[in-house]
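A.B. asks: let me see the structure of the following:
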Amino acid sequence: MSDSPTFWHRLDRFLARLRPHREPLSLALDAWVVLAAWHATYLFRLGFERWLSARPDYDVWVQVGVVLAYALAFALLRVPQAMWRFSGFGEIKRLTLACLGAGLVCGAVVMGLQLYKVPRAVLALHPLVALAGVCGMRLAFRALYEHGRARITGGQAEVRRALVLGAGEAARRLLAGIHQQGWVVLGLLDDDPAKQGARIAGLPVLGPLQAVLDKGVRGAATHLIIALPSASAARRRQVVELAGQTRLPVLTVPSAEELRDGSAQVAGVRDIEPEDLLGREAVQLDEAGMAEVLCGKTVLITGAGGSIGSELCRQVARFAPARLVLYELSEFNLYAVEQALGQQFPGLPLVRLVGDVRDADHLRATFSRWRPQVVFHAAAYKHVPLMEEHNAFSALRNNTVGTWQAARAAAEAGAERFVLISTDKAVNPTNVMGATKRAAEMMVSSLVEPFPATRFMAVRFGNVLGSSGSVIPKFKEQIARGGPVTVTHPDIIRYFMTIPEAARLVLQAAAIGASGQVLVLDMGEPVRIVDLARTMIRLSGHSEQDIPIVFSGLRPGEKLYEELLADADATLPTAVPRLRIARLQASAPRLTVQAWLAPLLADTQGLDDERVRACLQALVPEYRPARH
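C.D. replies: Take a look at the predicted model:
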């Protein structure tokens, strides 16, 4: 197939331009068929020699009356409102009632006015001929539409008609191939005054971006495609929000960053992703500094198959480490990340280990054998309500004790850097998960003095959009089911960051962080969860009337807002704009930490939830368990 649109694309585009005027056009075409049927009936009754000459002088006025009567009957039965491409038995039934009813009325009026020169056979046959004509026209249109749809989409899928927002080079390249994917593009919008009224690849620029809110401009569009990859992130977010007001599904071409790294092509379109909703500019990182830390080194990542862990694996692989050791408890997650890395980085040596950070002996054996120089500790239980009830001891053993065991094993094996992935929930924690992560930070800092050859650091950030258990996948699933979308509280806010953003900044923190530091990622402005839900509903092409939002109430341990630093903390800037160093209050002395750990390391039976909370409060005095 050639790169230019086919005849069927052009025909569908022409019909789409007519669709906003469908009802008057339908009525006009029906009236023309009714008039043609009148002449055809005369021709059948009188033959070619007499079908014009034998008519009475008043036949023109009879024709006008017949056409008006049929038009009125069609309007009363809502015939013009029907979609011809869906014509079926129900439509034929309405047409039959309209034609027979109008025919009876016309016959009665003609006879009542004593217009006897109009043949009775014409009055009797005309409704049948008119019915055959209007039904045949609809069935022919449907057959044409079905054939055109098959030629455009390659099957029976509905034709997708798009209005493209943006008329630059990206739009031009998009138009060069998108028709091969079953799309019909109706036109483009762009704010550049020089492009107004111009044609791009044969398609008109219909107006500025704001014109997308005009129903007349949108016409028969079924989707909107944003083609502004080189616009600033903030500008792209504005356009996404503008498009969301139309209640049409919104797609986008890949961003400039996706195009640069080769992960996407401009001729392809994708759904709106979390990063499109944040509208933050990409941070400029010290690539040379990260390469110095990672290139040619053995890097071990715990929780390698999780949302953050797997992205860390991909980001680390870019810097050509000598070996990447994947340490993961879930067999399926380990398999998935290994397959993805093997495809994207076929030359990278991988060590795939099923392991549990709660197993101290296996950790020591692993670190002793592979001698990683850089360790990223991403293994954690992170679901707040799940850890709050009946799983508190599991959270303590995994998040806190597991961190201490991994950090100690790394130091004993001679690791140069150990980076703990922490969370904003560790600040003034009100839940078990946050308290265990704050305790994990203290575990790491307690090893700074006895192991000066290893740099220990922690990196805090907030919610990661698109990670497992986060609101984005949950909202997508609820919208796909038809709702409702559940939000815990109308005022709840969260700091958000995308998975790639978080992973890159973690690598940057590993490069610049000093031992004992807790680095804080600048998460930008907090986002109201209910606003995020509303945006996602709009971008899916629905309204809150279609998919309602239901407030379910705060869950155990959940706060209305999260903090990145405790009240008594201060921060220091770094050379990287999005990274700051937290100056924390003094942690518990090492002997206190060791004394606190001792009974936990010996306990194999587990503690109940209340004893776990009491244990955490003993080490983390700012922990205030929420009561529900």
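A.B. asks: give me the contact list for the helix or strand hosting Q508.
C.D. replies: Assigned by DSSP states H and E, Q508 belongs to helix 499-512. By CB atoms under 8 Å, 6 or more residues apart in numbering, the surrounding residues in contact with helix 499-512 are 275, 280, 282-283, 285-286, 289-290, 292-294, 307-308, 311-312, 314-316, 374, 376, 417, 419, 421, 457, 459, 461, 464-467, 497, 519, 521, 574-576, 578-579. For every residue, glycine as well, the C-beta is placed using N, CA and C.
A.B. asks: the very next helix or strand once past it vs helix 499-512, what angle?
C.D. replies: Per DSSP H and E, the first helix or strand lying C-terminal to helix 499-512 is strand 517-521. What separates the directions of strand 517-521 and helix 499-512 is an angle of 150 degrees, with axes from the mean of the first three to the mean of the last three CA atoms, to 10 degrees.
A.B. asks: what about the next helix or strand along the chain from strand 517-521, distance to the chain center?
C.D. replies: Tracing the chain past strand 517-521, the next element assigned as helix or strand by DSSP H and E is strand 527-528. Using CA atoms, centre = their mean, to the nearest Å, we find the averaged C-alpha position of strand 527-528 to lie 17 Å away from the chain's own average C-alpha position.
A.B. asks: each with direction, which strands does strand 527-528 pair with?
C.D. replies: With DSSP bridges as the criterion, the sheet partners recorded for strand 527-528 are strand 493-494 (antiparallel).
A.B. asks: so of the contacts of helix 499-512, which ones are in helices?
C.D. replies: 275, 289-290, 292-294, 307-308, 311-312, 314-316 (DSSP state H).
A.B. asks: immediately after the longest helix anywhere in the chain, which helix or strand?
C.D. replies: In terms of residue count, the longest helix belonging to the chain (DSSP H) is helix 120-153. Tracing the chain C-terminally past helix 120-153 and defining elements by DSSP H and E, one meets strand 160-165 next.
A.B. asks: contacting residues around the residue nearest to P526 when sequence neighbours are not counted?
C.D. replies: Excluding the flanking residues, the one nearest P526 by CB to CB, 6 or more residues apart in numbering is I493, at 4.2 Å. If you count contacts by CB under 8 Å, 6+ apart, I493 has them with P526, V527, R528, I529, L560, Y561.
A.B. asks: read off the pLDDT value for I493.
C.D. replies: I493 carries a pLDDT score of 81 in this model.
A.B. asks: buried set for the one helix or strand F44 maps to?
C.D. replies: Under the assignment given by DSSP H and E, the secondary-structure element containing F44 is helix 22-50. If you call a residue buried by 16 or more other CB atoms under 10 Å, then helix 22-50 has these buried ones: 22, 26-27, 29-31, 33-35, 37-42, 45-46.
A.B. asks: just checking, what packs against that helix?
C.D. replies: Using 3 or more CB pairs under 8 Å, 6 or more residues apart in numbering; DSSP states H and E, the elements in contact with helix 22-50 are helix 59-76, helix 120-153.
A.B. asks: which other helices and strands does the last one contact?
C.D. replies: Looking back up the chat, that one is helix 120-153. With contacts defined as 3+ CB pairs under 8 Å, 6+ apart, the secondary structure elements packing on helix 120-153 are helix 7-18, helix 22-50, helix 89-112.
A.B. asks: quick one, helices of the stretch 151-300 of the chain?
C.D. replies: Counting by DSSP state H, counting those that start in this stretch, one finds helices in the stretch 151-300 of the chain at the ranges 169-177, 215-218, 233-244, 256-260, 274-278, 287-294.
A.B. asks: ok so, going back, for the contacts of I493, which two are the farthest from each other?
C.D. replies: Between all members of those, the longest pairwise span (CB to CB) is found for V527 and L560 and amounts to 13.2 Å.
A.B. asks: who's more crowded, these two?
C.D. replies: Between V527 and L560, counting by other CB atoms under 10 Å, V527 is the more crowded of the two (21 against 11).
A.B. asks: what about the nearest residue to the more buried one once chain neighbours are set aside, distance to V471?
C.D. replies: Spatial nearest neighbour of V527, excluding adjacent residues (CB to CB, 6+ apart): F496 at 5.3 Å. Using CB to CB, to the nearest Å, F496 is found at 9 Å from V471.
A.B. asks: neighbour count for these two, which is higher?
C.D. replies: Taking F496 and V471 together and counting by other CB under 10 Å, F496 has the greater number of neighbours (28 against 24).
A.B. asks: test my guess that the more buried one contacts R528.
C.D. replies: No: if you go by CB atoms under 8 Å, F496 and R528 don't touch, sitting 10.8 Å apart.
A.B. asks: and the helix holding Q508, which residues are buried?
C.D. replies: 499-512.
A.B. asks: same check on stretch 529-544?
C.D. replies: Burial within stretch 529-544, assessed by neighbour count using 16+ other CB under 10 Å, is assigned to 529-530, 532-542.
A.B. asks: closest one of those to A340?
C.D. replies: When these are compared for distance to A340 (CB to CB), M536 comes out closest, at 25.9 Å.
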